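> 3D model of this:
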Amino acid sequence: MGKTLKVFAGNSNPELARSICGHLGLNPGLIEFVSFSNENIKVKICENVRGSDVFFIQTSVPSVSDNLMELLIALDALKYASAGRITAVLPYYPYALADSKDEPRISVAGRLMADLIAEAGANRILTMTLHSPQIVGFSRIPVDQLSGVPIICNHYAGFNLDNAVVVAPDISRAKVTEIYSKQLGLPLAVIDRRRDRSGKIRVHGVIGDVDGRNVIFFDDEIITGLSVCEGSEAVIEKGAKEIYAGCVHGTLVGTAVDNLLEAGIEHLAVTDTIPLGTPSEKVAVCSVASLFANAIKAIHDETSISALF
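As a prediction, this is how the structure comes out:
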């Protein structure tokens, strides 16, 4: 008899967790979180998991530190409850941008996260669209990385793309954005956005033809929206018509959505790896729940995950 599949979730993205469980035909596992007056937390697994194949869902959203501690303590609780195998399901990987030592005396926090997750009790990690591929190499346990790019591309495939061009918000993201352009069969342009002699990042121009075309900015993540806003201004100056944007992880902190709309973005597509803080009729949320559910089932059944793409 195979191990029983059980799915638990933290408090970071309960709607996505419920949707994943719905696709699997499971009820979320019973778990209790208690916050004490000294800001410590306790996690209690409220059902038997001995020998079970357990998946714990937690994404990295504010409060990032609280959600990270919740993840680590829950993994530890599952380990000491004698779960047979524990998979940390991280739709948005914590500290994904801290993936290199690009200045003296700093931590490569993305690698530290991998160490902490493994030490806490995870046997493997399931995540989506990492900012950099080297994060997989940080981990001493297996990492399965899903791609959210097809989901965003499928959304835009329903638009009239006859006169469209995909644009990378800066040169460093061109390789990532090229994946979108290839899937949609569209040409690629790049915003020449780099540091000048004073150290400030400025837009120096547009590489590629956007004149008279509709533009779609793509990236793996949009945080403040600044690079897309500056890129939007640049392509408008070069004669672009309607402007759209898409990303897998819509972090969208503060007034990011308002800033994007004020910059002329007609439509923004994101996934639900991160809960959308401020709903807008111009922001479409594309669910990744079925993809994560299929990946969880593949891991549980010991079948190929790459076959899902």
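> use CA for all of it now, contacts and neighbours both
Fine.
> May I have the residues that are in contact with the closest residue to residue 134 other than its chain neighbours?
Using C-alpha to C-alpha, 6 or more residues apart in numbering and skipping residues adjacent in sequence, the residue nearest residue 134 is residue 99, 7.4 Å away. Contacts for residue 99 (C-alpha atoms under 8 Å, 6 or more residues apart in numbering) come out as 108-111, 132, 134-135.
> Point out the ones among these that are inside helices.
Secondary structure of the contacts of residue 99 is defined by DSSP state H; positions in helices are 109-111, 134-135.
> Determine which two of these are furthest apart.
Maximum pairwise distance among the ones in helices among the contacts of residue 99 (C-alpha to C-alpha): 12.6 Å, between 109 and 134.
> quick one: low-confidence ranges for the stretch 101-250 of the chain?
Per-residue confidence of the stretch 101-250 of the chain (counting by pLDDT under 70) places the weak regions at 196-199.
> Would you map out the domains in the protein?
Structural domains annotated on the chain: 5-147+289-308, 149-286, as defined by automatic domain parsing.
> starting at the chain centroid, how far to the last one?
In this case it means domain 149-286. Remark: domain 149-286 is offset 16 Å from the chain centroid, using C-alpha atoms, centre = their mean, to the nearest Å.
> Residue 63: how many residues sit nearby?
When neighbours are defined as other C-alpha atoms under 10 Å, residue 63 has 9 of them.
> All further residue positions should be reported with the first residue as 36.
All right, first residue 36 from here; so that's residue 98.
> so how far is residue 334 from it?
Applying C-alpha to C-alpha, to the nearest Å, one obtains 29 Å for the distance of residue 98 from residue 334.
> Can you tell me which of the contacts of residue 134 is closest to residue 225?
The shortest approach to residue 225 among those belongs to residue 167, at 19.0 Å (C-alpha to C-alpha).
> residues in contact with the closest one?
Counting by C-alpha under 8 Å, 6+ apart, residue 167 touches 131-132, 134.
> Show me these that map onto helices.
With helices taken from DSSP H, there is no overlap with those.
> Turn those residues into a markdown table, columns for distance to residue 218 and pLDDT.
Written out in a markdown table, the entries for the contacts of residue 167 read as follows (distance: C-alpha to C-alpha, whole Å; pLDDT from 0 to 100):
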| residue | distance to residue 218 | pLDDT |
| --- | --- | --- |
| 131 | 24 | 91 |
| 132 | 25 | 90 |
| 134 | 26 | 85 |
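> and residue 179, what element?
Assessed by DSSP states H and E, residue 179 sits inside strand 178-181.
> Output that strand as CSV - backbone C-alpha positions only.
C-alpha atoms of strand 178-181 as CSV (Å, rounded to 0.1, in the frame of the first residue of the first chain):
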residue,chain,number,x,y,z
VAL,A,178,14.0,20.9,-6.3
ASP,A,179,11.2,20.8,-8.8
GLN,A,180,10.7,24.1,-10.6
LEU,A,181,7.4,24.7,-12.4
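> Does anything pack onto it? Which helices or strands?
strand 159-163 (3 or more C-alpha pairs under 8 Å, 6 or more residues apart in numbering; DSSP states H and E).
> what lines up beside the strand it packs on in the sheet?
Looking at strand 159-163 with DSSP bridges, its paired strands and their directions are strand 120-125 (parallel), strand 178-181 (parallel).
> Let me know which of these is tucked in deepest.
Among those, strand 120-125 has the highest mean neighbour count (mean count of other C-alpha atoms under 10 Å), at a mean of 24.
> Give me the contact list for that one.
Around strand 120-125, the neighbours that count as contacts under C-alpha under 8 Å, 6+ apart are 86-95, 110, 113-114, 152, 156-163.
> the helices in this protein, which residues?
Taking DSSP H as the criterion, the chain contains helices spanning 49-59, 99-115, 144-155, 169-173, 184-192, 209-219, 261-272, 291-297, 324-336.
> Which one of those lies nearest to residue 312?
The closest of these to residue 312 is helix 291-297. By C-alpha to C-alpha, the value is 9.5 Å.
> Tabulate the CA atom coordinates of the closest one in PDB.
This file holds the C-alpha atoms of helix 291-297, laid out as PDB (Å, rounded to 0.1, in the frame of the first residue of the first chain):
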ATOM      1  CA  ALA A 291       2.600  49.600  -7.800                       C
ATOM      2  CA  VAL A 292      -0.700  48.800  -9.500                       C
ATOM      3  CA  ASP A 293      -1.700  52.500  -9.600                       C
ATOM      4  CA  ASN A 294       1.700  53.500 -10.900                       C
ATOM      5  CA  LEU A 295       1.500  51.000 -13.700                       C
ATOM      6  CA  LEU A 296      -2.000  52.200 -14.700                       C
ATOM      7  CA  GLU A 297      -0.900  55.800 -14.600                       C
END
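> now for that helix, which elements pack on it?
For helix 291-297, the helices and strands in contact under the criterion 3+ C-alpha pairs under 8 Å, 6+ apart are helix 261-272.
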